[in-house]
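# Sharing a sequence plus its predicted fold:
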Amino acid sequence: MVRGKTQMRRIENATSRQVTFSKRRNGLLKKAFELSVLCDAEVALIIFSPRGKLYEFASSSMQETIERYQRHKKDVRTVNTLMEQNMQHLQHEAANMAKKIEHLEVSKRRLLGECLSSCTLQDLQQIEQQLERSVTKIRARKVQVYKEQIEQLKEKEKVLEAENAMLCEKYVRQPQEGSNEDRENTCTEGSDKSDVETELFIGPPEGRIKRTPSK
């Protein structure tokens, strides 16, 4: 079972309040001393009793610690001031950016032919002139792109013509080389046939007499 926190209130009885003050004061001074020794911390403690009596503890020098505290507070205030000024500047910049974005959105819609009811004659003339300038730039860019594509096609045409010329030359040479090879093969076969010796024999096989050429 979780118990709720007890609400702390002022002790109404003066005697009990004084006894509690003495106990808590001594415990607080003891803890401050232990903290300075165990943790090597610079500690300064100032206590005023309900009657205005001063109790204090300082691990080094109370005056130096107070001066250090004041310097730190001054530095913190300076940093906070700079941060606040920077925040205000950022908020101002954000507001300006929001206005610029809104203005650009309105201009964009007007260029698209929207939200023209609030435009004056001068505004409409400015929009018309802006559109004409935009169309002129677009057309100039389109002409430039056309020219670049034409140049690319011309270069591609030159490459294709060169390839076509090479193929034509190769096609013209191929039949001549083939005819030369055929002639060489024919000559080779004729020479092989001339080397074969043929003999004519008359009569039965056992009575074949080899004819010798006459001297």
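Cool, got the structure. Numbering: from 1, shown residues only.
# From now on I want contacts and neighbour counts done on CA atoms only, so please keep to that.
Will do.
# what's the average pLDDT for the helix ranked longest in the chain?
Longest among the helix segments of the chain by residue count, using DSSP state H, is helix 121-194. Taken as a whole, helix 121-194 has a mean pLDDT of 80.
# do stretch 20-36 as well
Mean per-residue pLDDT for stretch 20-36: 94.
# Please spell out which residues along stretch 37-57 are buried.
Neighbour-count burial for stretch 37-57, counted by 16 or more other Cα atoms under 10 Å, picks out 42-44, 57.
# Any idea how far apart the tips of it sit?
End-to-end distance of stretch 37-57 (Cα to Cα, to the nearest Å): 13 Å.
# With stretch 44-53 instead?
Using Cα to Cα, one end of stretch 44-53 lies 17 Å from the other.
# which residues are contacting that stretch?
21, 25, 29, 32, 54-59, 62, 65 (Cα atoms under 8 Å, 6 or more residues apart in numbering).
# let's see 7 Å
Residues outside stretch 44-53 that contact it (Cα atoms under 7 Å, 6 or more residues apart in numbering) are 54-59, 62, 65.
# Equivalent analysis for stretch 112-126, please.
109-110.
# in it, what counts as buried?
Buried residues in stretch 112-126 (16+ other Cα under 10 Å): none.
# Now find how far off-centre it is within its chain.
In terms of Cα atoms, centre = their mean, to the nearest Å, the centre of stretch 112-126 is found 39 Å from the chain centre.
# Quick one: end-to-end distance for it.
Its start and end residues considered, stretch 112-126 measures 14 Å (Cα to Cα).
# As CSV, the buried residues of stretch 37-57 with pLDDT and distance to L112 would be great.
CSV is the format used below for the buried residues of stretch 37-57 (pLDDT from 0 to 100; distance: Cα to Cα, whole Å):
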residue, pLDDT, distance to L112
E42, 94, 70
V43, 95, 71
A44, 95, 71
F57, 94, 77
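# Out of those, which is nearest to R17?
Ranked by distance to R17 (Cα to Cα), the buried residues of stretch 37-57 are led by F57 at 22.2 Å.
# how close does the closest one sit to R71?
Distance from F57 to R71, counting by Cα to Cα: 20 Å.
# for E161, same thing?
E161 is 87 Å from R71, by Cα to Cα.
# Could you do Q149 as well?
73 Å.
# Equivalent analysis for V43, please.
From V43 over to R71 the distance is 16 Å, taken as Cα to Cα.
# In the buried residues of stretch 37-57, find the pair that's most separated.
E42 and F57 (10.7 Å).
# what about E56, which SS state?
Of the three states, E56 takes strand according to DSSP: H, G, I helix; E, B strand; the rest coil.
# Any chance of the backbone angles for the closest residue to it other than its chain neighbours?
Nearest residue to E56 in three dimensions, chain neighbours excluded: I46, at 4.4 Å (Cα to Cα, 6 or more residues apart in numbering). I46 has phi and psi values of phi -130, psi 130 when expressed as degrees, to the nearest 10.
# now do the one 5 residues further on
The main-chain torsion angles of R51 are listed as degrees, to the nearest 10 and equal phi -90, psi 0.
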